[in-house]
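Participant: Would you be able to build a 3D model of this:
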Amino acid sequence: MKKTDKIYVAGHRGLVGSAIVRALNSKGYGNIIGRTHMELDLTDQSLVRKFFEEERPDIVVLAAAKVGGIHANNTEPAEFAYENLQIQCNVIESCHRYQVNKLLFLGSTCIYPRLAPQPIPEEALLTGPLEETNEAYAIAKIAGLEMCKFYKRQYGDNFISCMPSNLYGPHDNYDLQGSHVLPAMIRKFHEAKIRNLPEVELWGTGKPLREFLYVDDMADACVFLLENYEGEQHVNIGTGKEISIKELAEIVRRTVGFEGMITWKRDMPDGTPRKLTSVDKLHNLGWRHKIELEEGIKLAYQWFAENVENARM
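Facilitator: Coordinates of the predicted model:
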């Protein structure tokens with residue numbers, strides 16, 4: 001990569017894309033372009049091809065996706081499959097058609113089997129059944145990952161992929177119908193504190209184990225891979241550390257300053273029982289995370305509290 005390369009970040013205003021833009025800017029990459037959904041509908045093949053024909057980006061980061069938590073995935077599986085497949089097919093094909101120098105495709109660790117070995121190595125992909133509560137999204141992401149691999153094999157395209165673990169941080173989605181667990185907790189505890197409520201209700205048992213990565217660490221890893229990696233195999237991005245949802249809730253409660261009780265709605269789904277990634281490959285390449293969970297939650301809550309009127313709610 002050259003500092004003058006034109007870099008298109010698809011999804012540049014979301015949690016992931018905005019962090020990648022910040023990371024690129026901090027490392028001296030100033031020629032970055034983005035389009036909002038209103039400006040460019042990535043599910044429309046003709047519009048995507050027209051954009052690539054006119055802009056001719058050198059580097060593409062595909063961070064645009066329809067994402068959400070257990071509730072959203074359970075209630076809108078058709079939309080999760082269709083929209084993500086459309087976005088990926090259009091962008092990846094255009095990257096090939098217009099000969100971009102490098103594409104980074106971002107997947108998600110939910111692509112791995114529900115009962116994958118822990119920590120999960122990259123080789124665990126497609127070795128077992130998926131978690132039903134996010135199956136549609138996972139299948140779409142697996143298709144994108146494999147497309148990158150096939151274009152690389154058949155045409156020699158410099159397409160690479162990474163699999164971030166559970167992300168959180170500035171510009172997250174705090175809509176309780178579509179958010180992931182950590183931003184949902186931040187919003188629930190914050191609103192309970194403001195309203196002086198006696199308790200907060202959370203889904204499931206609190207027993208599942210999850211790995212969380214601050215989004216700016218993820219973005220730093222993405223730029224690192226763009227600069228240093230050209231392999232066919234996808235790369236996990238994570239901390240290699242896990243925590244139970246119950247322990248996470250206590251950290252968020254304490255950070256927000258909510259003094260009431262936590263009750264668990266045990267008739268609601270827990271999702272995958274455990275999801276810890278193996279980050280040996282990334283460590284061996286020379287990258288490690290910097291922001292630990294408690295510090296990251298403080299930063300995330302600070303951003304939310306300062307931007308609550310403008311956050312995605």
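
Participant: Point out where the stretch 151-300 of the chain drops to low pLDDT.
Facilitator: 178 (pLDDT under 70).

Participant: What ranges does it have for its helices?
Facilitator: Taking DSSP state H, counting those that start in this stretch, the helices of the stretch 151-300 of the chain run over residues 181-195, 215-228, 245-256, 280-285, 293-307.

Participant: Also compute the angle for the last one relative to helix 215-228, please.
Facilitator: Which is helix 293-307. If you take axes from the mean of the first three to the mean of the last three C-alpha atoms, to 10 degrees, helix 293-307 sits at 110 degrees to helix 215-228.

Participant: distance between helix 293-307 and the chain's centre?
Facilitator: 17 Å (C-alpha atoms, centre = their mean, to the nearest Å).

Participant: buried residues in that helix?
Facilitator: 293, 296-297, 299-301, 303-304 (16 or more other C-beta atoms under 10 Å). Where C-beta positions appear, they are placed from N, C-alpha and C, glycine not excepted.

Participant: related to what we said a few turns ago, format the helices of the stretch 151-300 of the chain as TSV; extra columns: distance to N173.
Facilitator: Putting the helices of the stretch 151-300 of the chain into TSV (distance: least, C-beta to C-beta, whole Å) gives the following:
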stretch	distance to N173
helix 181-195	6
helix 215-228	12
helix 245-256	16
helix 280-285	26
helix 293-307	11
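
Participant: Would you tell me which of those gets closest to T4?
Facilitator: T4 lies closest to helix 215-228 among those, at 14.5 Å (C-beta to C-beta).

Participant: What are the buried residues along that closest one?
Facilitator: Going by 16+ other C-beta under 10 Å, helix 215-228 has these buried residues: 215-226.

Participant: What segments of this structure are strands?
Facilitator: 7-10, 32-33, 59-62, 102-106, 159-164, 166-168, 199-203, 209-210, 212-214, 235-237, 243-244, 261-265, 274-275 (DSSP state E).
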